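Peer 1: sequence below, structure please.
(2 chains)
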Amino acid sequence: DTGVSQDPRHKITKRGQNVTFRCDPISEHNRLYWYRQTLGQGPEFLTYFQNEAQLEKSRLLSDRFSAERPKGSFSTLEIQRTEQGDSAMYLCASSRTGGTPEAFFGQGTRLTVV
Amino acid sequence: GNSVTQMEGPVTLSEEAFLTINCTYTATGYPSLFWYVQYPGEGLQLLLKATKADDKGSNKGFEATYRKETTSFHLEKGSVQVSDSAVYFCALSDRVGNTGKLIFGQGTTLQVKP
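Peer 2: Numbering: from 1, shown residues only, chains lettered A, B, ... in the order given. As a prediction, this is how the structure comes out:
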């Protein structure tokens, strides 16, 4: 078990470009979450999947953001037409269902939009 | 809506000092409560949790008690070490819908000096 991995760790992009991040959860975890963290703040929920189904999206997730989890394994988060306000750390977490499961976090992808 | 408020940081202590980081929450339901820790350069890790009133979560010398009457979940440690220097996040998960979605406070930076 290598934990939750995210790729890339860092991304610098020009305003207006599209970016895609990948998250590989812990293999037996059927839930996968995306969060966004800006400097000096706690993570904010963006969206989550149970298996391949996207069950909830935050109002923070504008139309420029889309997330997928084909086949219920890895997930991708795409941001289209990036804006400077998108600069943040994007965190992925995974967990089992049932009870009060622990969420395991990846190290995040730091996005800088210039 | 649900929210978490933590005491402002940074908190600077000498080694072996007593630590308290205050956390209060607002929830429409009956949440589970968590403390996560983020060491420099690493991802968020679960430190401890409590799922019902008067439960005490504990780990690595840290403790927090779920106080429903004061809607609080303060983190304490009797004797901090330099290695405890990190950012600490209080979080809740509302059991309504059982999504496992976490709502975080803004984080409190702890710096322990030798």
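Peer 1: chain neighbours aside, what residue packs nearest to the residue in chain B positioned nearest to chain A?
Peer 2: As assessed by C-beta to the nearest C-beta, chain A sits closest to B:Phe104 within chain B, at 3.1 Å. The C-beta positions use only the backbone N, C-alpha and C, and glycine is treated the same way. Excluding its sequence neighbours, the residue lying closest to B:Phe104 (C-beta to C-beta, 6 or more residues apart in numbering or on different chains) is A:Gly42, at 3.1 Å.
Peer 1: cool, and B:Leu92?
Peer 2: In this structure, B:Leu92 finds its nearest non-sequential neighbour in B:Pro31, 4.1 Å apart by C-beta to C-beta, 6+ apart.
Peer 1: contact partners for that neighbour?
Peer 2: B:2, B:25, B:92-95 (C-beta atoms under 8 Å, 6 or more residues apart in numbering or on different chains).
Peer 1: same thing but at 10 Å, please
Peer 2: Applying C-beta atoms under 10 Å, 6 or more residues apart in numbering or on different chains to B:Pro31 gives the contacts A:100, B:2, B:4, B:25, B:50-52, B:66, B:68, B:71, B:73, B:91-96, B:102-103.
Peer 1: do A:Arg96 as well
Peer 2: For A:Arg96, the contact set (C-beta under 10 Å, 6+ apart) comprises A:26, A:28-31, A:102-104, B:100.
Peer 1: repeat for A:Glu52
Peer 2: By C-beta under 10 Å, 6+ apart, the neighbours of A:Glu52 are A:30, A:32, A:68-73, A:75.
Peer 1: try it again with 7 Å
Peer 2: By C-beta atoms under 7 Å, 6 or more residues apart in numbering or on different chains, A:Glu52 lies in contact with A:69-72.
Peer 1: pLDDT wise, what is it at?
Peer 2: Looking at A:Glu52, its pLDDT is 93.
Peer 1: point out the residues in chain B that sit beside chain A.
Peer 2: Counting by C-beta under 7 Å from any C-beta of the partner chain, chain B comes close to chain A at B:32, B:42-44, B:46, B:49, B:51, B:89, B:99-107.
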